[in-house]
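S.K.: Sequence and predicted model, in that order:
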Amino acid sequence: MGLYVFIAVEWVACLVVVVLIVRAVRRGDAEAEARVQKLAAEKRVEIDAAWAEAARAQAALAALPPELVLELDYSDDEPSPDDLFAASEHAKLLVSSLSEQEQALGGSGLTLTAARVEFGAVRLTLSPVERIGSAERVRRVADEWNARGGPLPPGVTAARADVSAA
């Protein structure tokens, strides 16, 4: 009988050890799972922040920069340029001057992106080369040019500068 008691005690001791090992493994698994959940949450926050930044950058790129629109009125005795090349040649110094003014404000200059010629008038559209901060720079260029009233190309009797979205 003593041998059976000894074997029973050994079995109970083994079961206790197995139970303790299983608990330790489960506790370790629970702690590991908690660490994994914490890391996943941290990564989710990082990914959400990266997505938000990418969305802001995309929105900034998608937003069209403002354009400087010049309306040049020609005198009755001075014929209006009759083609795009002539219109751009007529206003070459004006475009260069305005581009330099925008560069002085911290930009990369303006470029002629469109011209429309009508009898007695030319409409030039200048776009900023650098988009970042261009809204303020283009507005200042237009305000300063309107305040000065020029310089006007030959044959132009009146002109005005406006800022518009592209």
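M.R.: Arrived safely. Numbers count the residues shown, from 1 in each chain.
S.K.: Next secondary structure element downstream of the strand or helix carrying Arg26?
M.R.: Secondary-structure element containing Arg26, defined by DSSP states H and E: helix 2-62. Using DSSP H and E, the helix or strand that follows helix 2-62 in sequence is strand 66-74.
S.K.: Quick check: buried residues in that following strand?
M.R.: Buried residues in strand 66-74, defined by neighbour count with 16 or more other CB atoms under 10 Å: 66-70, 72, 74. To be clear about C-beta, it is placed using only N, CA and C from the backbone, and glycine gets the same treatment.
S.K.: now those residues in a markdown table, with pLDDT and distance to Thr113?
M.R.: A markdown table is the format used below for the buried residues of strand 66-74 (pLDDT from 0 to 100; distance: CB to CB, whole Å):
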| residue | pLDDT | distance to Thr113 |
| --- | --- | --- |
| Pro66 | 85 | 12 |
| Glu67 | 87 | 7 |
| Leu68 | 81 | 10 |
| Val69 | 86 | 10 |
| Leu70 | 79 | 12 |
| Leu72 | 79 | 16 |
| Tyr74 | 75 | 21 |
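S.K.: you'd agree Phe125 is up against Leu110?
M.R.: Wrong residue type there; residue 125 is Thr, not Phe. No. Under the criterion of CB atoms under 8 Å, Thr125 makes no contact with Leu110, lying 9.8 Å away.
S.K.: okay, and the common contacts of those two?
M.R.: Counting by CB atoms under 8 Å, 6 or more residues apart in numbering, the residues touching both Thr125 and Leu110 are Leu68.
S.K.: what's the spacing between Gly44 and Thr157?
M.R.: Just so we're on the same page, residue 44 is Arg rather than Gly. Arg44 sits 64 Å away from Thr157, taking CB to CB, to the nearest Å as the criterion.
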